[in-house]
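**Q** Any chance you could fold what I've pasted below:
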Amino acid sequence: MDLRGICVLSVILVVALSTLAEAKFPPTKCQCKSVPTERKNCGHPGITAEQCRRAGCCFNASVPGVPWCFSPKEKRVKKVCPSDVRARINCGFPGITAQQCQRLGCCFVPHPAGVPWCFYHRQVEEAC
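**A** Presented below is the predicted three-dimensional model:
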């Protein structure tokens, strides 16, 4: 491949990566459940549902007099200790105590043998 081909491919790669970086993920149904009077405007007058969702916002035109395109609520997550031993990711070192592990902010379950006893939490999205 010659230098011109490499340059063209490089430009295409940069454009593709910048497009991915700017992409907004659509909010979940849970994030869009809000009291209509508490909605914060997220769009311009006349914005379509598709344009609103592409911007990462919620759209609901069922209530007049309030923003139809509005900012989603923050995702609520909680930390849980994985129950599946195969999901454990080591957070400690051999011989770590429960207190040392908990000071690191990790889970401690001293069984079974052959898997980490001190391991990281998983973050799970809370229900609405």
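
**Q** okay, now the residue nearest to Cys81 when sequence neighbours are not counted: neighbour count?
**A** Of all residues not flanking Cys81 in the chain, Cys107 sits nearest, at 3.6 Å (C-beta to C-beta, 6 or more residues apart in numbering). For glycine as for every other residue, the C-beta is placed from the backbone atoms N, C-alpha and C. A count of nearby residues for Cys107, using other C-beta atoms under 10 Å, gives 21.

**Q** In the protein, where is pLDDT below threshold?
**A** Across the chain, the stretches falling below the confidence threshold (pLDDT under 70) are 1, 3-24.

**Q** ok, 80 please
**A** Per-residue confidence for the chain (pLDDT under 80) gives these ranges: 1-25, 126-128.

**Q** can you give me phi and psi for Phe108?
**A** Phe108 adopts backbone torsions of phi -130, psi 120, taken as degrees, to the nearest 10.

**Q** The residue positioned nearest the centre of the chain: what's it in contact with?
**A** The residue at the geometric middle of the chain, judged as the C-alpha nearest the mean C-alpha position with C-alpha atoms, centre = their mean, is Lys75 (7.6 Å). With contact taken as C-beta atoms under 8 Å, 6 or more residues apart in numbering, Lys75 is in contact with Thr28, Cys30, Gln31, Glu125.
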